[in-house]
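A.B. asks: build me a model:
(one chain, ligands or ions: 4)
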Amino acid sequence: KAKENGRNQHLFFDHKMNEEAEQKASIEHELMLAIKDDQLVLYFQPVTNLKCHRITHAEALIRWNHPEKGLIMPNDFIPIAEESGLIIQLGEWVIDAVCNQLKLWQRVTDDLKICLNVSPIQMMHANLDKQLQASMTRCAPPNGSIIIEITENVMIEGPEKIKEKLDAMKEMGLSFLIDDFGTGFSSMRYLKKLPFDGLKIDRGFVANVDADNEKAVLVQAMIEMAHRLNLKVVAEGVEREEELAYLRSLDCDYVQGYLLGRPMPAEQFLALLTSQQ
Ligand code: C2E
Ligand code: MG
Ligand code: MG
Ligand code: MG
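C.D. replies: Ligands and ions are numbered 1, 2, ... in the order given. Below is the predicted model:
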(Lines give C-alpha, C1' and ligand atoms only; values in the text may rest on other atoms or scores of the structure.)
(Ligands and ions follow the chains in the order given, each with its own letter.)
Protein backbone atom coordinates (compact mmCIF):
# COMPACT_ATOMS: atom_id res chain seq x y z
CA LYS A 1 0.00 0.00 0.00
CA ALA A 2 2.75 2.40 1.00
CA LYS A 3 4.64 1.52 -2.14
CA GLU A 4 1.62 2.26 -4.25
CA ASN A 5 1.17 5.62 -2.61
CA GLY A 6 4.81 6.37 -3.24
CA ARG A 7 4.44 5.58 -6.90
CA ASN A 8 1.34 7.73 -7.20
CA GLN A 9 3.15 10.57 -5.58
CA HIS A 10 5.96 10.22 -8.07
CA LEU A 11 3.52 10.34 -10.93
CA PHE A 12 1.88 13.34 -9.37
CA PHE A 13 5.16 15.24 -9.09
CA ASP A 14 6.30 14.25 -12.57
CA HIS A 15 3.03 15.46 -13.95
CA LYS A 16 3.19 18.68 -12.00
CA MET A 17 6.77 19.36 -13.01
CA ASN A 18 5.93 18.76 -16.64
CA GLU A 19 3.03 21.11 -16.42
CA GLU A 20 5.16 23.80 -14.86
CA ALA A 21 7.93 23.34 -17.40
CA GLU A 22 5.45 23.51 -20.24
CA GLN A 23 3.84 26.61 -18.85
CA LYS A 24 7.22 28.27 -18.47
CA ALA A 25 8.23 27.34 -21.99
CA SER A 26 5.02 28.80 -23.35
CA ILE A 27 5.46 32.05 -21.41
CA GLU A 28 9.03 32.22 -22.69
CA HIS A 29 7.84 31.83 -26.24
CA GLU A 30 5.10 34.42 -25.80
CA LEU A 31 7.55 36.83 -24.22
CA MET A 32 9.88 36.48 -27.17
CA LEU A 33 7.02 37.48 -29.47
CA ALA A 34 5.98 40.26 -27.10
CA ILE A 35 9.37 41.94 -27.42
CA LYS A 36 9.08 41.89 -31.22
CA ASP A 37 5.37 42.78 -31.32
CA ASP A 38 5.68 45.79 -29.07
CA GLN A 39 3.50 44.41 -26.29
CA LEU A 40 5.88 45.77 -23.68
CA VAL A 41 5.17 49.16 -22.18
CA LEU A 42 6.92 51.40 -19.68
CA TYR A 43 5.08 52.94 -16.77
CA PHE A 44 6.60 55.84 -14.88
CA GLN A 45 6.50 56.48 -11.15
CA PRO A 46 7.32 59.94 -9.80
CA VAL A 47 10.28 60.43 -7.48
CA THR A 48 9.91 63.58 -5.40
CA ASN A 49 12.77 65.70 -4.13
CA LEU A 50 11.99 66.50 -0.49
CA LYS A 51 14.09 69.68 -0.49
CA CYS A 52 12.00 71.43 -3.16
CA HIS A 53 8.98 69.13 -3.04
CA ARG A 54 8.99 68.64 -6.79
CA ILE A 55 9.09 65.62 -9.04
CA THR A 56 12.64 65.47 -10.35
CA HIS A 57 12.90 61.83 -11.47
CA ALA A 58 10.75 59.08 -12.92
CA GLU A 59 11.40 55.40 -12.39
CA ALA A 60 10.64 53.41 -15.55
CA LEU A 61 8.84 50.17 -14.66
CA ILE A 62 8.04 47.62 -17.32
CA ARG A 63 4.65 46.00 -17.91
CA TRP A 64 3.59 43.42 -20.46
CA ASN A 65 0.37 44.28 -22.21
CA HIS A 66 -0.69 40.74 -23.11
CA PRO A 67 -3.35 40.50 -25.86
CA GLU A 68 -5.48 38.03 -23.84
CA LYS A 69 -4.25 38.21 -20.27
CA GLY A 70 -4.12 42.00 -19.97
CA LEU A 71 -1.43 43.87 -18.08
CA ILE A 72 1.17 41.52 -16.57
CA MET A 73 3.44 42.79 -13.79
CA PRO A 74 7.25 42.47 -13.93
CA ASN A 75 7.52 40.05 -11.02
CA ASP A 76 5.54 37.58 -13.14
CA PHE A 77 7.85 37.65 -16.16
CA ILE A 78 11.24 39.23 -15.30
CA PRO A 79 12.40 36.05 -13.47
CA ILE A 80 11.46 33.97 -16.54
CA ALA A 81 13.25 36.43 -18.80
CA GLU A 82 16.32 36.16 -16.57
CA GLU A 83 16.32 32.38 -16.55
CA SER A 84 15.87 32.07 -20.31
CA GLY A 85 18.34 34.77 -21.28
CA LEU A 86 15.58 36.86 -22.86
CA ILE A 87 16.41 39.54 -20.30
CA ILE A 88 19.16 40.73 -22.65
CA GLN A 89 16.70 41.51 -25.48
CA LEU A 90 14.13 42.79 -23.02
CA GLY A 91 16.74 45.02 -21.39
CA GLU A 92 17.73 46.39 -24.76
CA TRP A 93 14.10 47.25 -25.43
CA VAL A 94 13.89 49.08 -22.07
CA ILE A 95 17.04 51.09 -22.71
CA ASP A 96 15.78 52.13 -26.12
CA ALA A 97 12.31 52.98 -24.82
CA VAL A 98 13.77 55.13 -22.03
CA CYS A 99 15.97 57.02 -24.47
CA ASN A 100 13.01 57.61 -26.81
CA GLN A 101 10.91 58.88 -23.93
CA LEU A 102 13.64 61.25 -22.80
CA LYS A 103 13.89 62.60 -26.31
CA LEU A 104 10.12 63.23 -26.43
CA TRP A 105 10.02 64.83 -22.99
CA GLN A 106 13.06 66.99 -23.67
CA ARG A 107 10.82 69.39 -25.56
CA VAL A 108 8.58 69.98 -22.55
CA THR A 109 10.85 69.59 -19.54
CA ASP A 110 14.49 70.38 -19.25
CA ASP A 111 15.66 68.61 -16.15
CA LEU A 112 13.73 65.39 -15.67
CA LYS A 113 15.85 62.31 -15.02
CA ILE A 114 14.76 58.75 -15.71
CA CYS A 115 15.81 55.79 -13.57
CA LEU A 116 15.82 52.37 -15.20
CA ASN A 117 16.26 48.93 -13.70
CA VAL A 118 19.04 46.68 -14.91
CA SER A 119 19.09 43.04 -13.85
CA PRO A 120 22.37 41.58 -12.51
CA ILE A 121 22.45 39.18 -15.48
CA GLN A 122 22.20 42.09 -17.88
CA MET A 123 24.89 43.89 -15.93
CA MET A 124 27.35 41.04 -16.44
CA HIS A 125 26.50 40.67 -20.12
CA ALA A 126 29.24 41.83 -22.44
CA ASN A 127 26.95 43.89 -24.65
CA LEU A 128 25.34 46.19 -22.09
CA ASP A 129 27.63 49.16 -22.72
CA LYS A 130 27.25 48.77 -26.49
CA GLN A 131 23.46 48.70 -26.17
CA LEU A 132 23.54 51.82 -24.03
CA GLN A 133 25.95 53.59 -26.34
CA ALA A 134 23.83 52.82 -29.41
CA SER A 135 20.60 54.14 -27.87
CA MET A 136 22.31 57.17 -26.38
CA THR A 137 24.01 58.07 -29.65
CA ARG A 138 20.67 57.89 -31.40
CA CYS A 139 18.73 59.98 -28.86
CA ALA A 140 21.44 62.16 -27.31
CA PRO A 141 19.86 62.45 -23.84
CA PRO A 142 21.21 65.30 -21.70
CA ASN A 143 24.22 64.28 -19.63
CA GLY A 144 23.22 62.77 -16.32
CA SER A 145 19.59 62.22 -17.33
CA ILE A 146 19.80 58.43 -17.26
CA ILE A 147 20.22 56.70 -13.92
CA ILE A 148 20.72 52.98 -13.64
CA GLU A 149 19.31 51.07 -10.68
CA ILE A 150 21.08 47.87 -9.73
CA THR A 151 20.59 45.66 -6.71
CA GLU A 152 23.35 44.88 -4.23
CA ASN A 153 23.47 41.34 -5.56
CA VAL A 154 25.58 42.36 -8.55
CA MET A 155 28.44 42.71 -6.11
CA ILE A 156 28.44 38.96 -5.46
CA GLU A 157 30.34 38.67 -8.72
CA GLY A 158 33.20 40.46 -7.07
CA PRO A 159 33.66 44.21 -6.92
CA GLU A 160 36.58 44.34 -9.37
CA LYS A 161 34.57 42.97 -12.25
CA ILE A 162 31.64 45.25 -11.62
CA LYS A 163 33.80 48.31 -10.95
CA GLU A 164 35.32 48.17 -14.41
CA LYS A 165 31.86 48.08 -15.98
CA LEU A 166 30.45 50.88 -13.87
CA ASP A 167 33.48 53.11 -14.42
CA ALA A 168 33.18 52.68 -18.18
CA MET A 169 29.47 53.44 -18.07
CA LYS A 170 30.07 56.48 -15.89
CA GLU A 171 32.38 57.79 -18.61
CA MET A 172 29.35 57.63 -20.89
CA GLY A 173 27.47 60.00 -18.57
CA LEU A 174 25.41 57.45 -16.64
CA SER A 175 24.73 57.49 -12.90
CA PHE A 176 23.96 54.63 -10.53
CA LEU A 177 21.69 53.90 -7.61
CA ILE A 178 21.65 50.79 -5.43
CA ASP A 179 18.10 49.41 -5.52
CA ASP A 180 16.33 47.63 -2.64
CA PHE A 181 19.13 48.64 -0.30
CA GLY A 182 19.32 46.55 2.85
CA THR A 183 17.74 43.39 1.45
CA GLY A 184 20.61 41.80 -0.43
CA PHE A 185 24.30 41.18 -0.28
CA SER A 186 25.46 44.43 1.28
CA SER A 187 29.03 45.18 1.85
CA MET A 188 29.70 48.60 3.27
CA ARG A 189 33.18 48.43 1.81
CA TYR A 190 31.87 48.60 -1.78
CA LEU A 191 29.55 51.51 -1.20
CA LYS A 192 32.29 54.03 -1.77
CA LYS A 193 34.63 51.90 -3.90
CA LEU A 194 32.04 51.75 -6.66
CA PRO A 195 30.75 54.90 -8.39
CA PHE A 196 27.27 54.97 -6.84
CA ASP A 197 25.44 58.27 -6.48
CA GLY A 198 22.92 57.06 -3.98
CA LEU A 199 20.84 54.27 -2.56
CA LYS A 200 17.18 53.39 -2.48
CA ILE A 201 16.02 52.13 0.90
CA ASP A 202 13.83 49.10 0.32
CA ARG A 203 10.16 49.61 1.07
CA GLY A 204 10.28 46.85 3.69
CA PHE A 205 12.12 49.32 5.94
CA VAL A 206 9.90 52.25 5.03
CA ALA A 207 6.52 50.70 5.81
CA ASN A 208 5.54 52.00 9.28
CA VAL A 209 8.96 53.53 9.87
CA ASP A 210 7.23 56.23 11.91
CA ALA A 211 5.76 53.69 14.35
CA ASP A 212 8.27 50.84 14.39
CA ASN A 213 11.26 51.71 16.52
CA GLU A 214 13.54 49.06 15.06
CA LYS A 215 12.91 50.23 11.50
CA ALA A 216 13.36 53.85 12.57
CA VAL A 217 16.81 53.07 13.96
CA LEU A 218 17.85 51.22 10.80
CA VAL A 219 16.54 53.87 8.42
CA GLN A 220 18.18 56.67 10.39
CA ALA A 221 21.49 54.77 10.35
CA MET A 222 21.25 54.17 6.58
CA ILE A 223 20.55 57.83 5.87
CA GLU A 224 23.35 59.06 8.12
CA MET A 225 25.85 56.63 6.66
CA ALA A 226 24.84 57.49 3.10
CA HIS A 227 25.16 61.22 3.73
CA ARG A 228 28.58 60.86 5.32
CA LEU A 229 29.66 58.96 2.21
CA ASN A 230 28.19 61.72 0.09
CA LEU A 231 25.43 59.51 -1.29
CA LYS A 232 21.82 60.57 -1.87
CA VAL A 233 18.96 58.61 -0.34
CA VAL A 234 15.65 57.65 -1.93
CA ALA A 235 13.01 56.04 0.28
CA GLU A 236 10.87 53.55 -1.65
CA GLY A 237 7.28 52.56 -0.97
CA VAL A 238 6.07 55.62 0.94
CA GLU A 239 2.34 55.08 1.41
CA ARG A 240 1.38 57.19 4.44
CA GLU A 241 1.68 60.85 5.39
CA GLU A 242 3.27 59.84 8.71
CA GLU A 243 6.04 57.96 6.92
CA LEU A 244 6.68 60.96 4.69
CA ALA A 245 6.87 63.36 7.64
CA TYR A 246 9.17 61.01 9.51
CA LEU A 247 11.51 60.59 6.52
CA ARG A 248 11.65 64.35 6.12
CA SER A 249 12.65 64.70 9.76
CA LEU A 250 15.51 62.25 9.08
CA ASP A 251 16.72 64.45 6.20
CA CYS A 252 15.95 61.87 3.51
CA ASP A 253 16.59 63.36 0.04
CA TYR A 254 13.91 61.77 -2.17
CA VAL A 255 10.71 59.80 -1.71
CA GLN A 256 8.81 57.48 -4.01
CA GLY A 257 5.60 55.59 -3.31
CA TYR A 258 1.87 55.31 -3.78
CA LEU A 259 1.30 58.34 -1.53
CA LEU A 260 3.08 60.55 -4.09
CA GLY A 261 2.01 58.67 -7.20
CA ARG A 262 1.64 55.16 -8.56
CA PRO A 263 3.46 53.99 -11.68
CA MET A 264 1.46 55.39 -14.63
CA PRO A 265 1.52 55.52 -18.43
CA ALA A 266 3.78 58.13 -20.04
CA GLU A 267 1.01 60.57 -21.04
CA GLN A 268 -0.39 60.61 -17.52
CA PHE A 269 3.07 61.17 -16.05
CA LEU A 270 3.67 64.08 -18.37
CA ALA A 271 0.34 65.64 -17.34
CA LEU A 272 1.32 65.30 -13.67
CA LEU A 273 4.72 66.79 -14.35
CA THR A 274 3.41 69.80 -16.28
CA SER A 275 0.75 70.44 -13.61
CA GLN A 276 3.52 71.18 -11.10
CA GLN A 277 5.30 73.67 -13.38
P1 C2E B 1 11.85 47.96 -7.98
O2 C2E B 1 12.85 48.42 -8.96
O3 C2E B 1 12.26 47.95 -6.55
O4 C2E B 1 10.58 48.90 -8.21
C5 C2E B 1 9.72 49.33 -7.20
C6 C2E B 1 8.47 48.49 -7.14
O7 C2E B 1 7.71 48.88 -6.00
C8 C2E B 1 7.55 48.66 -8.34
O9 C2E B 1 6.86 47.42 -8.57
C10 C2E B 1 6.56 49.70 -7.83
O11 C2E B 1 5.32 49.69 -8.50
C12 C2E B 1 6.42 49.27 -6.41
N13 C2E B 1 5.98 50.37 -5.53
C14 C2E B 1 6.26 51.69 -5.65
N15 C2E B 1 5.71 52.40 -4.65
C16 C2E B 1 5.07 51.52 -3.87
C17 C2E B 1 4.29 51.65 -2.67
O18 C2E B 1 4.08 52.72 -2.11
N19 C2E B 1 3.78 50.49 -2.14
C20 C2E B 1 3.97 49.27 -2.72
N21 C2E B 1 3.43 48.21 -2.14
N22 C2E B 1 4.71 49.12 -3.85
C23 C2E B 1 5.25 50.23 -4.42
P24 C2E B 1 6.74 46.79 -10.03
O25 C2E B 1 6.51 47.85 -11.04
O26 C2E B 1 5.77 45.67 -9.93
O27 C2E B 1 8.20 46.21 -10.28
C28 C2E B 1 8.72 45.17 -9.50
C29 C2E B 1 10.17 44.92 -9.78
O30 C2E B 1 10.38 44.45 -11.12
C31 C2E B 1 11.04 46.17 -9.70
O32 C2E B 1 11.33 46.48 -8.34
C33 C2E B 1 12.26 45.74 -10.49
O34 C2E B 1 13.11 44.95 -9.70
C35 C2E B 1 11.64 44.85 -11.55
N36 C2E B 1 11.52 45.63 -12.80
C37 C2E B 1 10.57 46.52 -13.17
N38 C2E B 1 10.82 47.04 -14.40
C39 C2E B 1 11.99 46.46 -14.81
C40 C2E B 1 12.80 46.59 -16.01
O41 C2E B 1 12.52 47.38 -16.92
N42 C2E B 1 13.93 45.81 -16.06
C43 C2E B 1 14.29 44.96 -15.06
N44 C2E B 1 15.41 44.23 -15.20
N45 C2E B 1 13.57 44.84 -13.92
C46 C2E B 1 12.43 45.57 -13.80
MG1 MG C 1 14.04 50.01 -9.09
MG1 MG D 1 13.39 48.87 -5.32
MG1 MG E 1 12.76 45.28 -6.35
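A.B. asks: what parts of this protein come near ligand 2?
C.D. replies: 117, 149, 179 (CB under 5 Å from the ion). For every residue, glycine as well, the C-beta is placed using N, CA and C.
A.B. asks: go with 8 Å
C.D. replies: Residues of the chain lying near ligand 2 by CB under 8 Å from the ion: 59, 61, 115, 117, 149, 177, 179-180, 200, 236.
A.B. asks: near ligand 1 too, which of those?
C.D. replies: Counting by CB under 6 Å from any ligand atom, 61, 117, 149, 179-180, 236 from the residues of the chain next to ligand 2 sit close to ligand 1.
A.B. asks: now render the residues you listed as TSV, adding secondary structure.
C.D. replies: Shown next, in TSV, are those (DSSP: H, G, I helix; E, B strand; the rest coil):
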residue	secondary structure
L61	strand
N117	strand
E149	strand
D179	strand
D180	strand
E236	coil
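A.B. asks: let's see the PyMOL selection covering just the buried ones among the residues you listed.
C.D. replies: Restricted to buried positions by 16 or more other CB atoms under 10 Å, the PyMOL selection for those reads:
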select buried, resi 61+117+149+179+180+236
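A.B. asks: report the two of the ones next to ligand 1 among the residues of the chain next to ligand 2 separated the most.
C.D. replies: Based on CB to CB, the longest span within those runs between L61 and D180 and measures 13.5 Å.
A.B. asks: rewinding a little: list just the nearest of the ones next to ligand 1 among the residues of the chain next to ligand 2 to G261.
C.D. replies: The closest of these, once distances to G261 are taken by CB to CB, is L61, at 11.9 Å.
A.B. asks: residues contacting that closest one?
C.D. replies: Neighbouring residues of L61 by CB atoms under 8 Å, 6 or more residues apart in numbering: 42-45, 74, 117, 263.
A.B. asks: looking at those residues, spot the one nearest W93.
C.D. replies: For the contacts of L61, with W93 as the reference and CB to CB as the criterion, the closest is L42, at 9.3 Å.
A.B. asks: quick one: contacts for whichever residue of the stretch 1-150 of the chain sits closest to ligand 2?
C.D. replies: Closest residue of the stretch 1-150 of the chain to ligand 2, CB to the ion: E149 (4.1 Å). Taking CB under 8 Å, 6+ apart, we find E149 in contact with 59, 115-118, 176-179, 200.
A.B. asks: thank you, goodbye.
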